[in-house]
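1. here is the input, now give the coordinates:
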Amino acid sequence: MDDYFAGDPRTDWERMLAGDLYIAGGPEDERLSRRAVRLTAAYQAAFVDDPEKARPILAELLGGLGEGAFIKPPLAVDYGVHITVGRGTFVNSGLTALDVARIDIGEDCQIGPNVQLLTPTHPIDPQPRRDKLEAAEPITIGDNVWLGGGAIVLPGVTIGEDSVVGAGAVVTKDVPAGVVVVGNPARFLRSVREWD
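-> Residues are numbered from 1 along each chain as shown. Predicted coordinates:
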């Protein structure tokens, strides 16, 4: 097996948190991953009977959950602990939030069904063979952002406050504040202040 990290005394978990290349599957990674699976399943089961009684489970899963924030299951996360959701944010069903790096969702956001927030990345250079390596970049979503159903936000993206991402858009680059973006890859359509 190749020693990708000769001379680097850090664990893969420490490299992951630093945003550097790492190999997934270490003990901390496995422990938090299993915890996330257990808590997401418990949240979904409890939500069926009483969404308010399910909320403490969601708060335990996530790194931060603002007052009045609401996430409709099902929910899929890598760890949960790297995700914060701001006050008053509504997340519809089917959110996939791969939180190898931080995912910060602002206040009063509206997130449509089946949105994907994806922080992991992989090297694409096959020489030398590096197919086991991963890295991650954080995602930041400002206050009062709307993400349409099926939107995908890729690693390292920041979406500015008061912006709208159209349904099915694939956001590959930062989105400035106060704009509407659509398409694949997402492109500027207009300012949110412009009226039809």
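2. quick one: the longest helix seen in the chain to chain centroid distance?
-> The single longest helix within the chain, with elements called by DSSP state H, is helix 27-49. Its chain's average C-alpha position is 16 Å from that of helix 27-49, according to CA atoms, centre = their mean, to the nearest Å.
3. name the residues of stretch 23-36 that come out as buried.
-> Going by neighbour count (16 or more other CB atoms under 10 Å), the buried part of stretch 23-36 is Ile23, Ala24, Asp29, Leu32, Ser33, Ala36. Where you see a C-beta, it was placed from the backbone N, CA and C, and this is true even at glycine.
4. next: stretch 62-81.
-> Neighbour-count burial for stretch 62-81 [16+ other CB under 10 Å]: 62-63, 65-66, 69, 71-73, 75, 77-81.
5. quick one: contacts of it?
-> With contact meaning CB atoms under 8 Å, 6 or more residues apart in numbering, stretch 62-81 is reached by 32-33, 35-36, 39-40, 43-44, 47, 51, 55, 58-59, 61, 82-100, 102, 107, 120.
6. where does pLDDT dip in the protein?
-> 1-2, 125-132, 195-196 (pLDDT under 70).
7. quick one, helices of it?
-> So, for the chain - with DSSP H - the helices run 12-17, 27-49, 51-61.
8. tell me what Leu98 is bridged to.
-> On the basis of DSSP bridges, Leu98 is bridged to Leu118.
9. number of residues surrounding it?
-> Using other CB atoms under 10 Å, Leu98 has 20 neighbouring residues.
10. one more: Pro9?
-> When neighbours are counted by other CB under 10 Å, Pro9 comes out with 6.
11. please apply the same query to Asp3.
-> Using other CB under 10 Å, the number of residues around Asp3 comes to 7.
12. show me the contacts for it.
-> Residues near Asp3 by CB under 8 Å, 6+ apart: none.
13. state the distance from it to Pro123.
-> In this view, Asp3 and Pro123 are 16 Å apart by CB to CB, to the nearest Å.
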